[in-house]
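[1] below is the structure, and that's it, no one-letter string:
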Ligand SMILES: C[S@@+](CC[C@H](N)C(=O)[O-])C[C@H]1O[C@@H](n2cnc3c(N)ncnc32)[C@H](O)[C@@H]1O
């Protein structure tokens, strides 16, 4: 699956806000949150899932929301302000969940969930550089205060390394061609600093022949690399399982086959070790009605497990 431009999470409404969380009903049914519990949203984004969960609980919870994007923290903070002290938001990576919980004096949580990937707000902000359709600086960092922008990666990595990234994270058939084309540009002393420059280069090299834009996979691969998304997920799953109460539940919504595989394997290993019970033998996917009303949800997969 490819998340690319059609990321499922939100749709801009008239007030230029974002809100289109996916699989909301399914997530709540699987998590079965109960009044008074400690709930952790590892990817608060625009706060859509968190709001639905808090509403379902009549606000009777302690909800910790994490996001590495300061803009998401600001936005979710406003949206969830009516729940007052029930909500605490943390700017940071979810791979550091144990440290975040320690800082709040929380030993264990009853429910922990993540809705991976990027938000539509991130995708649709030209200046963030996530989108090949919007002219902007080739940045792609979810948190611009750390790491290297995508343009620097393209400038510094060898053609071989770039090829590997495009193949592993984008499953792009034309990875070598694109990597070589980038190398040629560099040899000519040209920089790829803008989204449309990279998109143009990719369009010339990739025959997609599919319903997706030729640059979708390359942009997705770069984003995953820039934000270390697979490493984050591995570490995040580990921390979440460690900090889950007995009988506590965790759930992950993913949009990429690599992510879904990580989650599936983590849950299976946990089951084998007698630490987790899998609640979803097969991942839940959006129902026809959701797909029709929000076609962007089509790649979403939800898996959940319970701590034994
Ligand atoms: C799909 S959106 C979440 C949408 C949210 N569920 C809602 O209903 O509005 C994903 C969010 O996860 C954040 N994110 C991705 N990886 C992260 C990580 N490793 N640590 C913290 N936040 C992360 C992104 O910045 C983005 O805001």
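    Structure's in. What do you need? Because the structure is a prediction, the values reported are computed rather than measured. Numbering: from 1, shown residues only.

[2] report the separation between the nearest residue to residue 283 once chain neighbours are set aside and the ligand.
    Counting by C-beta to C-beta, 6 or more residues apart in numbering, residue 301 is the residue found nearest to residue 283 once chain neighbours are left out, at 3.9 Å. C-beta: built from backbone N, CA, C; applies to glycine. Per C-beta to the nearest ligand atom, to the nearest Å, residue 301 is found 13 Å from the ligand.

[3] wait, residue 301 sits on residue 258?
    No. Judged on C-beta atoms under 8 Å, residue 301 makes no contact with residue 258 at a distance of 11.7 Å.

[4] buried ones in the helix or strand hosting residue 250, by neighbour count?
    According to DSSP states H and E, residue 250 maps onto strand 244-254. Along strand 244-254, these residues count as buried under the neighbour rule (16 or more other C-beta atoms under 10 Å): 244, 248-254.

[5] now, which of those sits nearest the ligand?
    residue 253 (7.6 Å; C-beta to the nearest ligand atom).

[6] which parts of the chain sit against the ligand?
    Proximity of the chain to the ligand, by C-beta under 6 Å from any ligand atom, involves residues 9, 21, 43, 45-49, 66-69, 72, 93-95, 115, 117-119, 142, 232.

[7] out of the residues you listed, which are inside helices?
    If you go by DSSP state H, those have 48-49, 72, 232 in helices.

[8] quick one: residue 34 is in a helix?
    No. Under DSSP: H, G, I helix; E, B strand; the rest coil, residue 34 sits outside any helix and is assigned coil.

[9] what's the burial count for it?
    Number of residues near residue 34 (other C-beta atoms under 10 Å) recorded here: 12.

[10] what's the separation between it and the ligand?
    21 Å.

[11] pretty sure that residue contacts residue 53?
    No. Counting by C-beta under 8 Å, residue 34 does not reach residue 53; the two are 11.2 Å apart.

[12] nearest to the ligand: which residue in the stretch 201-308 of the chain?
    Counting by C-beta to the nearest ligand atom, the stretch 201-308 of the chain gets nearest the ligand through residue 232, at 3.6 Å.

[13] what number of residues lie near that residue?
    20.

[14] mind listing what residue 264 touches?
    283, 303 (C-beta atoms under 8 Å, 6 or more residues apart in numbering).

[15] now the strand or helix carrying it: buried residues?
    Here residue 264 sits within helix 257-272, counting by DSSP H and E. The neighbour-count criterion (16+ other C-beta under 10 Å) identifies 258-260, 262-264, 266-267, 270 as the buried residues of helix 257-272.
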